[in-house]
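[1] Structure for this input, please:
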Amino acid sequence: MDDFKNFNKALEFIDNHLDSEITERDIYQLTSYSYNVFSRIFSVLSGIPLGEYIRSRKLSAAAIELQEEHTKVVDVAMKYGYQSSDAFSYAFKSFHGCSPSEVKKGEGFHIAQPLRFSLTVRGGQFKTKIEVKEGFRLVGICTDVRPEQMSVEIWKELSNQLVMKCPRDWAENNQLYGLFFHGESEGTIHYMIGFRISDSIEEVDIQKLGLDRIDIPEEKYAVVNLGGELPNNIHQAWSYLLGIFLPQEGYRHAGSYDFELYSGYEVNSPDFSIELWVPIVKQV
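    Residues are numbered from 1 along each chain as shown. The predicted model follows:
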């Protein structure tokens, strides 16, 4: 429950500082989560990337200021973090469908409403287990992608690349892992698909193959299993884990890596399954 209160405090802080840079320290002080974890949970619960939400709120505030206060376009652009009026005008028109000068003359514009989270208990949706998993190593391939672009095709492409690159005797089993991070570009997520490997594999050999490596620490996890053909309720299951199960059971995200665990390579097979793993700690 406290996480939702703190998340809403952070969102209120963001809304009150749209003309300032939101720092990692700001987010941590308000939520005790890193920016990456806060951004990840926000995108799961809201369905949009945090950077996109902030940008849409800034462009909404900019439109109001242009029409009601008749501020110069260049001044509004600088106020909301754009380096030039051209860059601002391009983003503004992409969002509102009209130019800043047209809005100044009275043209209508879009308003992105502020978001706030609340707990809605709908228990029994997904069977959830608690499990401690020892630490392990992953090697894989990473890419930046917008959330709406995530698809079976991208998953297949990356998994095929990984199978071609990674020696078969490196993988401890035939399971694939999918990890999500805050993307380097605004509005994107950093997605990695990888194999679990033994500690005997040398770092120099990993680098020779152009693979990325991540060490996953030992953690306690909340786990949901989704069996059968590629489920269409993955997002709903993530929302349930992070938005209902954790606060309802007195847990919070531990701040480490959450991931998807895939059994099999044929997403249309009835034997295919996905497990969602979220690292957890008890609320203090």
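[2] Give the rounded mean pLDDT of stretch 165-178.
    In this model, stretch 165-178 has a mean pLDDT of 84.
[3] Hmm, I typed the wrong one, I wanted stretch 55-70.
    93.
[4] what sits up against that stretch?
    Identification of contacts with stretch 55-70 by Cβ atoms under 8 Å, 6 or more residues apart in numbering yields 14-15, 18-19, 71, 73, 76-77, 79-81, 88, 91-92, 95-96, 100, 103-104, 106, 109-112, 114, 186-187. Heads up, the C-betas are built off the backbone N, CA and C, glycines and all.
[5] where's the residue nearest the centre of the chain relative to residue 169, distance?
    With distances taken as Cα atoms, centre = their mean, residue 40 lies nearest the centre of the chain, 3.3 Å away. From residue 40 over to residue 169 the distance is 33 Å, taken as Cβ to Cβ, to the nearest Å.
[6] Ok, residue 24 next?
    Distance from residue 24 to residue 169, by Cβ to Cβ: 40 Å.
[7] Now do the residue nearest to residue 24 when sequence neighbours are not counted against residue 23, distance only.
    Distances taken as Cβ to Cβ, 6 or more residues apart in numbering place residue 35 nearest to residue 24, at 4.2 Å, with adjacent residues excluded. Between residue 35 and residue 23 the computed distance is 8 Å (Cβ to Cβ).
[8] and those two? which has more neighbours close in?
    Between residue 35 and residue 23, counted using other Cβ atoms under 10 Å, residue 35 has the larger neighbour count: 17 against 11.
[9] wait, doesn't the more buried one sit right on residue 27?
    Yes: between residue 35 and residue 27 there is a contact under Cβ atoms under 8 Å: 4.8 Å.
[10] Near the residue lying closest to residue 171 once chain neighbours are set aside, how many other residues are there?
    Nearest residue to residue 171 in three dimensions, chain neighbours excluded: residue 195, at 4.0 Å (Cβ to Cβ, 6+ apart). By other Cβ under 10 Å, the residues close to residue 195 number 23.
[11] ok now do residue 195, which residues does it touch?
    By Cβ under 8 Å, 6+ apart, the contact set of residue 195 is 138-140, 162, 166, 170-172, 175-177.
[12] That one pairs with what?
    Counting by DSSP bridges, residue 195 is bridged to residue 139.
[13] Let's see the pLDDT reported for it.
    91.
[14] can you check the one 5 residues further on too?
    With respect to pLDDT, residue 200 has a value of 86.
[15] Residue 24 and residue 169: which has the busier surroundings?
    For residue 24 versus residue 169, neighbours defined as other Cβ under 10 Å are more numerous around residue 24 (12 against 9).
[16] That one reaches residue 37, doesn't it?
    No: between residue 24 and residue 37 there is no contact under Cβ under 8 Å: 10.7 Å.
[17] Where does residue 190 fall, secondary structure wise?
    If you go by DSSP states H and E, residue 190 is part of strand 189-197.
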